[in-house]
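[1] Next one to model:
(chains A and B)
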Amino acid sequence: MRYSKLFGKTIRGVSSDEPSKNAKLLTRGGFVRREVAGVYNYLPLGLRVLNKISNIVREEMDKTGAQEVLLSALQNKANWEKTGRWDSFDALYKVKSRQATEYALGPTHEEVLVPLVRQFVSSYRDLPLYLYQIQVKFRDEARAKSGVLRSREFLMKDLYSFNRDEQDFDKYYDRVINAYKNIFKKSGVEAVLTEASGGEFSKFSHEFQVLTENGEDEIIYCPGGDFSQNVEIARVKEGKQCDLGHGPLKKSKSIEVGNIFPLKTRFSDAFGLTYKGQDGKQKPVIMGCYGLGISRLMGAIVEVHNDEKGIIWPKEVAPFDVHLVHIEDPGTESWAKGAYEKLTYAGIDALWDDRENVSAGEKFADADLIGIPVRLVISKKVGEGEVEWKNRDSKETKMMSIDETAKKLTS
RNA sequence: CGGGGUGUAGUUCAUCGGUAGAACGCUCGGUUUGGGACCGAGAAGUAGGAGGUCCAAUUCCUCUCACCCCGACCA
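    Modelled structure (predicted):
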């Protein structure tokens, strides 16, 4: 992609209206632009990151045996009344058609999926069933804040499990925990598996919490990794010695990037989702719910991976593999194009800063702000057929041939 | 939803009763080219909206809308 053609530009300053680090950097870098409070537009760079994260999530979800669907955002009011949530779900957006029919604007999808699954599940042979989607969710937050971390419209992966019994459910629950661990690891963040309140549905839930100053949640955890609780339920205090000898428990602000919990038969009962067991008896389906905020994770990654110059994307979620910077010198006009074509041919996704009459300093500053993990410079100083390789998170540079570069990037 | 604050050029902000200004960005010309270069010329605004006070309102008052912050809320 030629940077000169890319929709969305970097900007130097950003309104003091946008005080959160993630929104500031994402806005300055040309990834997002705010539409209204708590709602963001994702520009090409931002969408690329969302898609990278989504694909990591898809891969791991598919590995657990789940299938992807896409459910409706406009939802049937009657089903929300059936579960009692039409009135009790505070953050529910309600919209009205011209015929005065009311709809829920989906904040979550039990009310859609359970009746749908009911049409297909009747026997123990139809279970287990695992369905997920990646979709825009709407929640009427009393107060949107922290940039893309708490927004009213956001991209979320939600998975719902349907099992014959608790034992099967427990096994799958653990499998999803593992999948989540893989997702966060690949996305470049450390997410601490944390016990939290179960709210309406069960005694407990599990949250995946990314430690950062700017988080809204707070957890008490063992530095050894064997214990973590959200302060909302924590009975122990910071500083208490870990039972397994890992030293004093720590307290930290954090961002909840995933939340999983048992639904038991809460929705199966509401919609009469049952199956006939091998023994001929009609039984309720045991459900679980597994959320993961894609856009929120993007924000969390930015909160964690940045420096005074801008974002530092982990490789797997970066909008491009490399940032090709051409410093104009007479006689080098064709060099960058040649390099770009070679890299593209090798399957490397390059953002090529081909702007004319833009100083080297400005191109470097933009590259740092955008935060693609590898920067390749082409200039007279570097020489034809060569590039200067620099990682975003390092000061060191290295000269190498374009062929070598392509090989290193694809290995 | 309570408390506080802010709406002026594409963006960030000044002006604070006498009808609008800078920087960045943008356009044109030229000089530059390894860390956000420079010179010159130029385009760009119903001052969020409505009402009121006043000879005169971006400025003061009222209402309204939007946005931000703190809190409450956050399956």
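
[2] phi, psi of the spatially most central residue of chain A?
    Centroid-nearest residue in chain A, with C-alpha atoms, centre = their mean: A:I294, separated by 2.5 Å. Here the main-chain torsion angles of A:I294 (degrees, to the nearest 10) amount to phi -70, psi -50.

[3] could you say which helix or strand contains the closest residue to it other than its chain neighbours?
    In space, not counting the residues next to it along the chain, A:I294 is nearest to A:L155; the distance is 4.2 Å by C-beta to C-beta, 6 or more residues apart in numbering. C-betas here are computed from N, CA, C, even on glycine. Element membership of A:L155, judged by DSSP states H and E, is strand A:153-163.

[4] then that strand to PDB, C-alphas only?
    Below are the C-alpha coordinates for strand A:153-163, written out as PDB (Å, rounded to 0.1, in the frame of the first residue of the first chain):
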ATOM      1  CA  GLU A 153     -20.600   0.500  19.900                       C
ATOM      2  CA  PHE A 154     -17.800  -2.000  19.800                       C
ATOM      3  CA  LEU A 155     -16.600  -5.100  18.000                       C
ATOM      4  CA  MET A 156     -16.900  -8.200  20.100                       C
ATOM      5  CA  LYS A 157     -16.500 -11.900  19.700                       C
ATOM      6  CA  ASP A 158     -19.100 -13.800  21.500                       C
ATOM      7  CA  LEU A 159     -19.200 -17.500  21.800                       C
ATOM      8  CA  TYR A 160     -22.000 -19.600  23.300                       C
ATOM      9  CA  SER A 161     -21.600 -23.200  24.300                       C
ATOM     10  CA  PHE A 162     -24.400 -25.800  24.400                       C
ATOM     11  CA  ASN A 163     -23.600 -29.000  26.300                       C
END
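
[5] in the top strand by length along chain A, what counts as buried?
    Under DSSP state E, the strand in chain A containing the largest number of residues is strand A:250-264. Across strand A:250-264, burial judged by 16 or more other C-beta atoms under 10 Å covers A:252-264.

[6] Output the contacting helices and strands for the following helix or strand past it.
    Stepping forward along the backbone from strand A:250-264, the first helix or strand reached (DSSP H and E) is helix A:266-271. Contact analysis of helix A:266-271 by 3 or more C-beta pairs under 8 Å, 6 or more residues apart in numbering; DSSP states H and E lists helix A:77-82, helix A:110-118, strand A:286-293 as its packing neighbours.

[7] Contacts for the next helix or strand after the first one next, please.
    Note on helix A:77-82: by DSSP H and E, the next helix or strand toward the C-terminus is helix A:85-88. The contact list for helix A:85-88 (C-beta atoms under 8 Å, 6 or more residues apart in numbering) reads A:K77, A:W80, A:L92, A:K94, A:A104, A:E111.

[8] interface residues of the stretch 301-411 of chain A facing RNA strand B?
    By the rule C-beta under 7 Å from any atom of the strand, the part of the stretch 301-411 of chain A lying against RNA strand B is A:309, A:327-329, A:357-362, A:364-369, A:377, A:379-382, A:388, A:390, A:397.

[9] Show me the helices in the stretch 201-350 of chain A, by range?
    In chain order, the stretch 201-350 of chain A shows helices spanning A:266-271, A:294-304, A:333-345, with DSSP state H, counting those that start in this stretch as the criterion.
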